[in-house]
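Engineer: Can you look at this prediction? I've put the sequence above it.
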Amino acid sequence: MICLLLTADFSFSQTRNDITPHILSMRERAEVMDRWTEYRLDNLVPELMRREGIDMWVLVAREYNEDPVLLTMLPATWQSSRRTTILVFFDDGEQVERLAVARYNIGFFETQWFPDQEPDQWKRFGQIVEKRAPEKIGVNISEHFALADGISYTDFMHLKNSLTSEFSERIVSAEKLSVGWLETRTDDEITVYRQINRIAHNIIAEGLSEAVITPGVTTTQDVQWWFRERIRDLNLTTWFHPSVSVHRSESPEHTGDFSDYADSDIILPGDLIHMDLGIEYLGLTTDTQRNAYVLRPGETDAPQGLKDAQAVGNRLQDILTNEFVTGRTGNEILAAALQKAAEEGIKATIYTHPIGYHGHGAGPTIGLWDQQGGVPGNGDYPLYPNTAHSIELNAEVYVPEWNRNVLIMLEEDAIFDGEKVWYIDGRMKEFYLIPRQK
């Protein structure tokens, strides 16, 4: 399912905040999401189960305590599981059955529990397993990936106790199966992902403009809440509270510690504004960090030192994405990119992550801001084709006009198609200017 769509590396300046990208109604979204889910269940699950050598995959959840993977397999009109929901995939070598040991009809799955025939739900599950006699029973347990560790202790014990000793010994971790399901994007998802990113970029372009910001009056906290309100007005949601901060020539250098929130500041001429925003739409997420410069009286562009620093940040992006090779682990990609950056004299910090159903998605972690020597477990996972990643990093660059170092913090969503990385809706190569210049 390799998508051959190629996207040029165009500048963010093509994003026009005077054009609102089309956003589907809630009903239309449900239809699209259900179509995508059914296709994924039909095509992706068999491929992944055979890749991992698991012939039965079992997902269990109780209402409001859902396995994150199971939630992505439910109909769009289901906002949670109902009572205890047990989903079973069984590969007989020719086809993969999709079964639901559940009280309610779950659309994509064949109902296999009828309480008037067998009142005990877990006993019925045990009967299904015994009849099919799987060699490996994959269950979502994982030490390193929270998203692949979805079964609760209680449900796991119910599952194990419902099986004979012979079959309980066949339980294995479905970690890589779960991660594969979550990280892999289909052709249709990749095609629409560009519009999802364009919507986010449009919101950012509007928020980082004189339409929202009055220098000397507007605070960074004002802009944060404007983003929240604007996203809600568009009938969308965020997956984290937007952040907006300012950096100016007389302020202290950023230490690179991101464990605390920045103070609220009044935005002034000469400020470099940094923001971080992520939306959710059609079951997929975005994650973007971009920068704006507030012009001083008489200025028509940002200082050359800042523009040069931005170029260094873009070069660091290229260094990182050039190291994306199928089969390499996140830690291997991180080490190679940091070594190359050091050879070019770039003081780099890389903290890139998968994105998709979840903002900080399952897949290879390529550094954390406080773990530049590699990330055990998550960083040891290999890179696969048809996956989406937030290319998140910073370059520390000396800016002569400010007589100090500045962190150029960037984040753009991209697709790795197995051969190369391309940005889903372009990347920032120049600052937004406030006010905009003709």
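Structural biologist: Perfect, thanks for sending it.
Engineer: mind checking the end-to-end distance for stretch 176-194?
Structural biologist: Taking CA to CA, to the nearest Å, the span from the opening residue of stretch 176-194 to its closing residue is 27 Å.
Engineer: same deal with stretch 85-104?
Structural biologist: Across its full length, stretch 85-104 reaches 9 Å end to end, with CA to CA as the criterion.
Engineer: Which residues does it contact?
Structural biologist: 41, 45-46, 49-50, 54-63, 70, 73, 82-84, 106, 108-113, 115, 121, 124-125, 128, 132, 134 (CB atoms under 8 Å, 6 or more residues apart in numbering). Just so you know, the C-beta spots here come from the backbone N, C-alpha and C atoms, and that holds for glycine as well.
Engineer: In strands, which of these appear?
Structural biologist: With strands identified by DSSP state E, the entries of those that belong to them are 56-62, 84, 110-111.
Engineer: List buried residues within those.
Structural biologist: In those, burial by neighbour count holds for 56-62, 84, counting by 16 or more other CB atoms under 10 Å.
Engineer: Most widely separated two among the residues you listed?
Structural biologist: Every pair in these was compared (CB to CB); the two farthest apart turn out to be M56 and R62, at 20.7 Å.
Engineer: got the buried residues for the helix or strand harbouring A341?
Structural biologist: The secondary structure element spanning A341 is helix 330-343 (assigned by DSSP states H and E). Judged by neighbour count (16+ other CB under 10 Å), helix 330-343 contains these buried residues: 330-338, 340-341.
Engineer: ok, E47 - how many residues close by?
Structural biologist: E47 is flanked by 13 other residues according to other CB atoms under 10 Å.
Engineer: Offset the numbering so it begins at 23, please.
Structural biologist: Got it, the first residue is 23 from now on, which makes the last one we talked about E69.
Engineer: check which helix or strand covers D340.
Structural biologist: According to DSSP H and E, D340 maps onto helix 326-343.
Engineer: and that helix, average pLDDT?
Structural biologist: This predicted structure assigns helix 326-343 an average pLDDT of 98.
Engineer: where does the chain have low pLDDT?
Structural biologist: Applying pLDDT under 70 to the chain flags residues 23-39.
Engineer: Apply 80 and report the result again.
Structural biologist: The chain contains residues with pLDDT under 80 at 23-41.
Engineer: quick one, domains of it?
Structural biologist: If you go by automatic domain parsing, the domain ranges for the chain are 77-195, 210-456.
Engineer: Nearest to E50 among these would be which one?
Structural biologist: Within those, the stretch nearest E50 is domain 210-456; the backing value is 9.7 Å (CB to CB).
Engineer: In PDB, could you pull the C-alpha coordinates for stretch 278-292?
Structural biologist: Output of stretch 278-292 as PDB, limited to C-alpha atoms (Å, rounded to 0.1, in the frame of the first residue of the first chain):
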ATOM      1  CA  GLY A 278      16.500  23.900  26.100                       C
ATOM      2  CA  ASP A 279      14.600  22.600  29.100                       C
ATOM      3  CA  PHE A 280      10.900  22.100  28.000                       C
ATOM      4  CA  SER A 281       9.600  20.700  31.300                       C
ATOM      5  CA  ASP A 282       7.800  24.000  32.300                       C
ATOM      6  CA  TYR A 283       5.500  26.500  30.600                       C
ATOM      7  CA  ALA A 284       6.700  29.900  29.600                       C
ATOM      8  CA  ASP A 285       5.300  33.000  31.400                       C
ATOM      9  CA  SER A 286       2.700  35.100  29.700                       C
ATOM     10  CA  ASP A 287       4.300  38.100  28.000                       C
ATOM     11  CA  ILE A 288       2.900  41.100  26.100                       C
ATOM     12  CA  ILE A 289       4.000  40.800  22.500                       C
ATOM     13  CA  LEU A 290       6.200  43.700  21.400                       C
ATOM     14  CA  PRO A 291       7.900  44.900  18.200                       C
ATOM     15  CA  GLY A 292      11.200  43.000  17.700                       C
END
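Engineer: nearest residue to P90 other than its sequence neighbours?
Structural biologist: Distance criterion CB to CB, 6 or more residues apart in numbering; nearest residue to P90, sequence neighbours excluded, is L169 at 4.7 Å.
Engineer: Backbone torsions only: list them for that neighbour.
Structural biologist: Torsion angles at L169 (phi, psi; degrees, to the nearest 10) stand at phi -70, psi -20.
Engineer: before we move on, what about S102?
Structural biologist: With angles defined as degrees, to the nearest 10, S102 shows backbone torsions of phi -160, psi 170.
Engineer: hey, where'd the strands end up in the stretch 323-460 of the chain?
Structural biologist: Listed in chain order, the strands of the stretch 323-460 of the chain (DSSP state E, counting those that start in this stretch) span 369-372, 375-376, 409-421, 426-438, 443-445, 454-456.
Engineer: Any chance of these in a markdown table with distance to D56 as columns?
Structural biologist: Rendered in a markdown table, the data for those read as follows (distance: least, CB to CB, whole Å):
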| stretch | distance to D56 |
| --- | --- |
| strand 369-372 | 37 |
| strand 375-376 | 24 |
| strand 409-421 | 21 |
| strand 426-438 | 23 |
| strand 443-445 | 28 |
| strand 454-456 | 37 |
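Engineer: In TSV, list the ones you listed along with distance to H180 and mean neighbour count.
Structural biologist: As requested, the strands of the stretch 323-460 of the chain are arranged in TSV below (distance: least, CB to CB, whole Å; neighbours: other CB atoms under 10 Å):
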stretch	distance to H180	mean neighbour count
strand 369-372	42	21
strand 375-376	31	26
strand 409-421	34	23
strand 426-438	39	23
strand 443-445	43	19
strand 454-456	54	21
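Engineer: what about those strands, which gets the closest to D309?
Structural biologist: Ranking the strands of the stretch 323-460 of the chain by proximity to D309 (CB to CB) places strand 409-421 first, at 4.3 Å.
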